[in-house]
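*Asks:* the sequence isn't on hand, but the structure is:
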């Protein structure tokens, strides 16, 4: 059957218009088509709560597929905070576009209810992660970068690493600032770009930043971590993006110009980080792929979850070109 060219042209125009409308709800953009992450709620880092360290005093709400939640979850795990902060897993509801609780949390079945109870505007999008004060049932903090810092300040058992040592704070801040815009947000700026020019800018900045990290890690006497011998919040911030690179971001967001095995120092860094105690338990590739491919309808209308590489091959001891 031959489809008339005019029908094809009309279908393309109609779909592009609908795609623009849907993308407006998924990820806002500026006039040039550059994705702009919307502002969140509960973004100000508070002083360390007086009840910090009290068993059962706080809950950390995360979602398996969310990279922003993943970095808070990693900080919690690396800092060994299981005794004082309980992790609560929220599950995505793609049909309603919200996070839900399989078992009610503080009487709430959705994260949106917790947001409203804590004073958020009803129109504010409810996102993970959030730190919840258990007794009051109110959100303490909901911005992942600040939450990482607060959890690093949290009372921890002897032997837990300090992920932001005073002497390394300037270097950590430089890396985190560079990674946030170019890499963490960068993959989304590629996937949610509204124009070719916007995509080209984001994609070039992403791979430029990865080349910088590669050069820094490969320099004589450098490493094994971004700021030298100590694991820091800079490493924690980079890992959730890189561990998802081949599994979801490359095929879905179009960031496949250079596979990670072409960055040997970064490949070794990712394998080393994945091997840290507790890290593998926070990596849920099936949930990542199901949520990204199944929920981001404007980018993947069929909802079909394609096959992908096994996570074990991405953290292998040897490069797999």
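*Replies:* Yes, it's here. Values in this document were obtained by computation on a predicted structure and should not be read as measured data. Numbers count the residues shown, from 1 in each chain.

*Asks:* show me the contacts for the closest residue to residue 63 other than its chain neighbours.
*Replies:* Closest residue in space to residue 63, ignoring its immediate chain neighbours: residue 128 at 4.4 Å, by C-beta to C-beta, 6 or more residues apart in numbering. C-beta coordinates here come from the backbone N, C-alpha and C atoms, glycine included. If a contact means C-beta atoms under 8 Å, 6 or more residues apart in numbering, then residue 128 has 61-63, 66, 68-69, 90, 99, 111 as its contacts.

*Asks:* isn't there a helix covering residue 128?
*Replies:* No: counting by DSSP: H, G, I helix; E, B strand; the rest coil, residue 128 falls outside a helix, being coil.

*Asks:* now it: how far from residue 257?
*Replies:* 30 Å (C-beta to C-beta, to the nearest Å).

*Asks:* can you check residue 137 too?
*Replies:* 46 Å.

*Asks:* the more surrounded of those two?
*Replies:* Legend: neighbour count by other C-beta atoms under 10 Å for residue 137 and residue 257, higher for residue 137 (15 against 11).

*Asks:* was I right to think that one contacts residue 113?
*Replies:* No: Residue 137 lies out of contact with residue 113 (C-beta atoms under 8 Å); the separation is 10.1 Å.

*Asks:* one step back: from residue 200, how far off is the residue nearest to residue 63?
*Replies:* According to C-beta to C-beta, residue 128 and residue 200 sit 31 Å apart.

*Asks:* any weak-confidence spans in the stretch 51-200 of the chain?
*Replies:* In the predicted model, the stretch 51-200 of the chain carries no residue with pLDDT under 70.

*Asks:* all the strands of the stretch 1-150 of the chain, residue numbers only.
*Replies:* 58-63, 85-93, 98-105, 108-110, 130-133, 138-141 (DSSP state E, counting those that start in this stretch).

*Asks:* mind checking which of the ones you listed is nearest residue 291?
*Replies:* Judged by C-beta to C-beta, the one of those that comes nearest to residue 291 is strand 85-93, at 5.4 Å.

*Asks:* in that closest one, what counts as buried?
*Replies:* 85-90, 92 (16 or more other C-beta atoms under 10 Å).

*Asks:* list the neighbouring strands of it plus their orientation.
*Replies:* Strand 85-93 has its sheet partners listed here by DSSP bridges as strand 58-63 (parallel), strand 98-105 (antiparallel).

*Asks:* you'd agree residue 180 is up against residue 237?
*Replies:* Yes: here residue 180 lies in contact with residue 237, judged by C-beta under 8 Å, at a distance of 7.2 Å.

*Asks:* common neighbours of those two, please.
*Replies:* residue 145.

*Asks:* for the stretch 151-300 of the chain, which segments count as helices?
*Replies:* 169-179, 186-191, 196-218, 233-243, 250-253, 264-274, 285-295 (DSSP state H, counting those that start in this stretch).

*Asks:* by mean pLDDT, show me the worst of those.
*Replies:* Here the lowest mean pLDDT among the helices of the stretch 151-300 of the chain goes to helix 285-295, at a mean of 93.

*Asks:* from the contact counts, what lies against that one?
*Replies:* Contact analysis of helix 285-295 by 3 or more C-beta pairs under 8 Å, 6 or more residues apart in numbering; DSSP states H and E lists no helix or strand as a packing neighbour.

*Asks:* pull the residues that contact that helix.
*Replies:* Helix 285-295 is contacted by residues 64-65, 92, 94, 244, 247-248, 252, 300, 303-306, 308, 311 when judged by C-beta under 8 Å, 6+ apart.

*Asks:* okay, buried residues for that helix please.
*Replies:* 285, 287-295.

*Asks:* return the member of the residues you listed nearest to residue 175.
*Replies:* Lowest distance from residue 175 to those (C-beta to C-beta) belongs to residue 288, with 24.0 Å.

*Asks:* nearest residue to the most centrally placed residue in the chain in space, please, no chain neighbours.
*Replies:* The residue lying closest to the centre of the chain (C-alpha atoms, centre = their mean) is residue 67, at 1.9 Å. Spatially, and ignoring its direct neighbours in sequence, residue 67 is nearest to residue 240 (3.9 Å; C-beta to C-beta, 6+ apart).

*Asks:* again with residue 122
*Replies:* Counting by C-beta to C-beta, 6+ apart, the residue nearest residue 122 is residue 116, at 6.2 Å.

*Asks:* quick check: the one you found touching residue 110?
*Replies:* No: taking C-beta under 8 Å as the definition, residue 116 is not a contact partner of residue 110, at 9.5 Å.

*Asks:* please say which of these two ends up with more neighbours.
*Replies:* Taking other C-beta under 10 Å, residue 116 and residue 110 do not tie; residue 110 has more neighbours (18 against 15).

*Asks:* which residues does that one bridge with?
*Replies:* Using DSSP bridges, the beta-bridge partners of residue 110 come out as residue 100.
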